[in-house]
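J.: Based on what follows, work out the 3D shape:
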Amino acid sequence: MGIVIAIIVFSIIIIIHELGHFVVAKLCGVKVNEFALGMGPAIFKKKLGETTYALRILPIGGFCAMEGEDEDSSDERAFANKSVIRRIAIVSAGAIMNLILGFILLTVMVATDDAITSTTIHSFYEREPDDISSSKVAMSKQTGLLEGDKILEINGMRIFTATDMAYQFQNDADAVFDMLVLRDGEEQLLEDVAFDKTDNVMHIDFIVIGERITFTSTLKESACQMATYSRLIWISFADLITGQYKLNELSGPVGIVDVIGDVVDNQKDENNNIDWDALWQNVLNIAAFITINVGIFNLIPFPALDGGRLLFLVIEAIRRKKIPPEKEGMVHLVGLGLLMLLMVVITVNDIMRIF
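T.: Below you'll find the model as predicted:
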């Protein structure tokens, strides 16, 4: 089932991305030669009007092939013959559609949950007495936090959602934090807020308030989750560049299929029955994160990505002179080769981790 769900998730994300290019290209009067889902040999083709619609054998990508996209063309409806503003709109439409899809998925996920997990402290767990101390007061309460505090920052990072808090807590070594909180309507900086850490595991000792789901709170929480996921993706990318994460720690389609399979397995009880509500929430969460990831990744100014094409268009707009298509095409070809090589390495690492 994990494989089926993963294929459906990937297919929807790819279709939405390429549909963004396709729709805006049509609106800008560009001739689209082929709209394809998947890569490799075609297993289905159908020509409707001037466009061939194809389903290809490998469900790992797709494309919207436009007339004059990578070469000169005498056709007045060719991509290359449209204004730079229209070409920028067409190239950026795919990533924008992915980000819009991410927001929609997050909105559905928030609206169908039981409550919104806030960043405001409701109460604390009591500590179990031990040989060192008989106090039952939670460690974080002893070191500064109080009921009703709304956590605004942790170690200088702005906190939008409970996911941000979890990220900071999971990526800390000493279980001691500087926190900016909103207390009685005023911001207050709390230094050295500490948590119990036993067996190298930090224990969160407070419970946050669950907020009621309304139309306004749903939109607000969805926007905050969007900001959270977008920032985490950029942080992860920066960590990869600086060497904090290694190349063999990246996951591609195979790794994501394995993760979704684990999600499905974790929602099964001892009788192999699936908790569909929990599975639905988890799949929505994963799908939202992936589509936001795809949207942001595609905007990176690297050859062959939409961001790389946007960079060339911005340069053209500044110079007011076109870059020769054959030179730009060669740069994108090299970039595509590097991306394919990266995909092979990531896929091999995914397979090795599974087995």
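
J.: For R87, see how far away S74 is.
T.: 17 Å (CB to CB, to the nearest Å). No exception for glycine: its C-beta is placed from N, CA and C like everyone else's.

J.: More neighbours: these two, which one.
T.: Set side by side, S74 and R87 show more neighbours around R87, with 24 against 7, by other CB atoms under 10 Å.

J.: Can you verify G62 is assigned to a strand?
T.: Yes. G62: assigned to a strand according to DSSP: H, G, I helix; E, B strand; the rest coil.

J.: ok, it to L55 distance?
T.: From G62 to L55 the distance is 10 Å (CB to CB).

J.: Between the two, which is the more surrounded one?
T.: It is G62, of G62 and L55, that has more neighbours when counted by other CB under 10 Å, with 23 against 15.

J.: Quick check: that one touching H17?
T.: Yes. Taking CB atoms under 8 Å as the definition, G62 is a contact partner of H17 at 7.3 Å.

J.: Just the C-alphas of the helix or strand of the chain with the lowest mean pLDDT, formatted as PDB.
T.: Least confident element among the helices and strands of the chain, by mean pLDDT, DSSP states H and E: helix 253-266 (a mean of 74). Taking C-alpha atoms only, helix 253-266 is exported to PDB below (Å, rounded to 0.1, in the frame of the first residue of the first chain):
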ATOM      1  CA  PRO A 253      11.700   8.800  -4.400                       C
ATOM      2  CA  VAL A 254      12.800   5.300  -3.200                       C
ATOM      3  CA  GLY A 255      13.500   6.600   0.300                       C
ATOM      4  CA  ILE A 256      10.200   8.500   0.500                       C
ATOM      5  CA  VAL A 257       8.300   5.300  -0.600                       C
ATOM      6  CA  ASP A 258      10.000   3.500   2.300                       C
ATOM      7  CA  VAL A 259       9.000   6.300   4.700                       C
ATOM      8  CA  ILE A 260       5.400   6.200   3.500                       C
ATOM      9  CA  GLY A 261       5.400   2.400   3.900                       C
ATOM     10  CA  ASP A 262       6.600   2.900   7.500                       C
ATOM     11  CA  VAL A 263       3.800   5.400   8.100                       C
ATOM     12  CA  VAL A 264       1.200   2.800   6.800                       C
ATOM     13  CA  ASP A 265       2.700   0.100   9.000                       C
ATOM     14  CA  ASN A 266       2.700   2.400  12.100                       C
END
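
J.: Could you give the average pLDDT over the following helix or strand past that helix?
T.: Next along the chain after helix 253-266, taking DSSP states H and E as the criterion, comes helix 276-298. Average pLDDT, helix 276-298: 89.

J.: any shared contact partners between G62 and L55?
T.: 36-38 (CB atoms under 8 Å, 6 or more residues apart in numbering).

J.: okay if I get these as JSON lines plus distance to Q225, neighbour count and secondary structure?
T.: Below are the shared contacts of G62 and L55 laid out as JSON lines (distance: CB to CB, whole Å; neighbours: other CB atoms under 10 Å; DSSP: H, G, I helix; E, B strand; the rest coil):
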{"residue": "A36", "distance to Q225": "32", "neighbour count": "21", "secondary structure": "strand"}
{"residue": "L37", "distance to Q225": "28", "neighbour count": "18", "secondary structure": "strand"}
{"residue": "G38", "distance to Q225": "30", "neighbour count": "21", "secondary structure": "strand"}
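
J.: For the residues you listed, give me JSON lines that also has distance to V257 and pLDDT.
T.: Shown next, in JSON lines, are the shared contacts of G62 and L55 (distance: CB to CB, whole Å; pLDDT from 0 to 100):
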{"residue": "A36", "distance to V257": "21", "pLDDT": "91"}
{"residue": "L37", "distance to V257": "17", "pLDDT": "88"}
{"residue": "G38", "distance to V257": "15", "pLDDT": "84"}
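
J.: Now for T119, how many residues are close by?
T.: T119 has 21 nearby residues by other CB under 10 Å.

J.: Pretty sure it sits in a strand.
T.: Yes. Under three-state DSSP, T119 sits within a strand.

J.: Not counting its neighbours along the chain, what's nearest it?
T.: I151 (4.6 Å; CB to CB, 6 or more residues apart in numbering).

J.: what are the C-alpha coordinates of whichever strand or helix holds the one you found, in CSV please?
T.: Assigned by DSSP H and E, I151 belongs to strand 150-154. Below are the C-alpha coordinates for strand 150-154, written out as CSV (Å, rounded to 0.1, in the frame of the first residue of the first chain):
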residue,chain,number,x,y,z
LYS,A,150,3.4,31.9,24.6
ILE,A,151,6.8,30.8,23.2
LEU,A,152,7.9,33.3,20.5
GLU,A,153,11.6,32.4,20.0
ILE,A,154,13.9,29.6,21.0
